[in-house]
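based on what follows, work out the 3D shape:
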Amino acid sequence: MDYRLILSLLIPLLGTAIGSAMVFLLRQKLNEKLLKILLGFASGVMIAAAIWSLLEPAIQSYGEKDFKRWLVPAIGFIIGILFLVLLDRLIPHMHADNKEEGIRGKINSKTFKMLLAVTIHNIPEGLAVGVVIAGAMNNVISLGAALSLSIGIAIQNFPEGAIISMPLKETGVSKTKAFILGVLSGVVEPIAALISIGLTNIVSTVLPYTLSFAAGAMIYVVVDELIPEANEGKNSSLATIGLSVGFVVMMILDIALG
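Below is the predicted model of the structure:
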């Protein structure tokens, strides 16, 4: 495997680790205004990545007059949404605002539920990185496009890592444990990426489906989790600004490196 593809696999985890390390540098929880900007930024990156890095290559896999050009991305996108809906309904987890979701009574640890919430969030990102790397290995997507997606996700993983570790510290978890748990929440990304690379390479014809599947899963996370949290309470306009900046940053990365 080309070293750039290996970098693409690991860069998102590095972003999470650096963000989680903020627990050692910040004494108090994240400023509310900054949190809204970061949540908006992460949303913008994921929306742009879903469009340019995932849906567009899926669409371009077919000729202009081929009905699969619109049918396959639509099917994959919807299945990706339904997959995340299923995970949300089945896996017990807790968000930073203490809102619990999933089947209750199976897990009692608040810390573990928060970790599961972020893990669910990170699965689509790992799948996205994996299918883009698989696309690059099959010469459907450029190496630059794979690297740009990984960099974009790493950028949005940096604030996400802080958003994970800081609330854990607030619950009474030690800084070291909060950092480790933050990093562990990001480990699911390379694992999910390797799984999607393996599946796509076994049956290369499913690549357009997996690309659009990952796009749907990412959009679900944005709409169901990030945007609602960013718009809670005051200063929601800051989230909109953050979203705009994140969208433009990811768009530039994709076009410049792709």
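
from here on, just use CA atoms for contacts and neighbour counts.
Fine.

ramachandran angles for Glu31?
Check again: residue 31 is Asn, not Glu. With angles defined as degrees, to the nearest 10, Asn31 sits at phi -60, psi 140.

could you number the chain from 52 rather than 1 from now on?
Got it, the first residue is 52 from now on, which makes the last one we talked about Asn82.

all helices for the stretch 102-251 of the chain, in order.
Taking DSSP state H, counting those that start in this stretch, the helices of the stretch 102-251 of the chain run over residues 107-111, 119-141, 161-188, 194-221, 226-253.

tabulate the ones you listed (TSV), appending mean pLDDT, mean neighbour count and distance to Phe75.
Conversion of the helices of the stretch 102-251 of the chain to TSV gives the following (pLDDT from 0 to 100; neighbours: other Cα atoms under 10 Å; distance: least, Cα to Cα, whole Å):
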stretch	mean pLDDT	mean neighbour count	distance to Phe75
helix 107-111	91	20	40
helix 119-141	91	18	31
helix 161-188	80	25	18
helix 194-221	84	25	9
helix 226-253	88	21	6
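
can you say which of those helices is nearest to Tyr271?
Tyr271 lies closest, by Cα to Cα, to one member of the helices of the stretch 102-251 of the chain: helix 119-141, at 5.7 Å.

one step back: between the helices of the stretch 102-251 of the chain, which one is nearest to Met301?
Relative to Met301, the nearest member of the helices of the stretch 102-251 of the chain by Cα to Cα is helix 194-221, separated by 5.6 Å.

now the angle between helix 161-188 and the closest one, please.
Here helix 194-221 points in a direction 180 degrees away from that of helix 161-188 (axes from the mean of the first three to the mean of the last three Cα atoms, to 10 degrees).

output the contacting helices and strands for helix 194-221.
Judged by 3 or more Cα pairs under 8 Å, 6 or more residues apart in numbering; DSSP states H and E, the packing partners of helix 194-221 are helix 54-71, helix 83-99, helix 161-188, helix 226-253, helix 287-308.

so which of those helices comes closest to Gln111?
Taking the helices and strands packed on helix 194-221 one by one with Cα to Cα, helix 161-188 is closest: 12.1 Å.

about what we covered before: could you dump the helices and strands packed on helix 194-221 to CSV with distance to Leu77?
Below are the helices and strands packed on helix 194-221 laid out as CSV (distance: least, Cα to Cα, whole Å):
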stretch, distance to Leu77
helix 54-71, 11
helix 83-99, 13
helix 161-188, 20
helix 226-253, 10
helix 287-308, 21
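
re earlier: for the helices of the stretch 102-251 of the chain, which one sits closest to Gly293?
Nearest of those to Gly293, taken as Cα to Cα: helix 194-221 at 11.0 Å.

how far is that closest one from where the chain is centred?
Relative to the chain's own centre, helix 194-221 is displaced by 8 Å; criterion: Cα atoms, centre = their mean, to the nearest Å.

how about stretch 262-274?
Put simply, stretch 262-274 sits 9 Å off its chain's centre (Cα atoms, centre = their mean).

got the contact list for it?
94, 97-98, 100-102, 105-106, 108-109, 123-132, 134-135, 172, 175-176, 178-179, 182-183 (Cα atoms under 8 Å, 6 or more residues apart in numbering).

and Ala99, what's its pLDDT?
With respect to pLDDT, Ala99 scores 93.

same question, Glu280
pLDDT, Glu280: 84.

buried set for the helix or strand encompassing it?
Using DSSP states H and E, Glu280 maps to helix 278-281. Of all the residues in helix 278-281, those buried under the rule 16 or more other Cα atoms under 10 Å are 278, 280-281.

ok, so of those residues, who is nearest Ala187?
Ile278 (30.8 Å).

how much space between that closest one and Trp103?
Distance of Ile278 to Trp103, computed by Cα to Cα, to the nearest Å: 20 Å.

again, but for Ala205
Distance, Ala205 to Trp103, using Cα to Cα: 17 Å.
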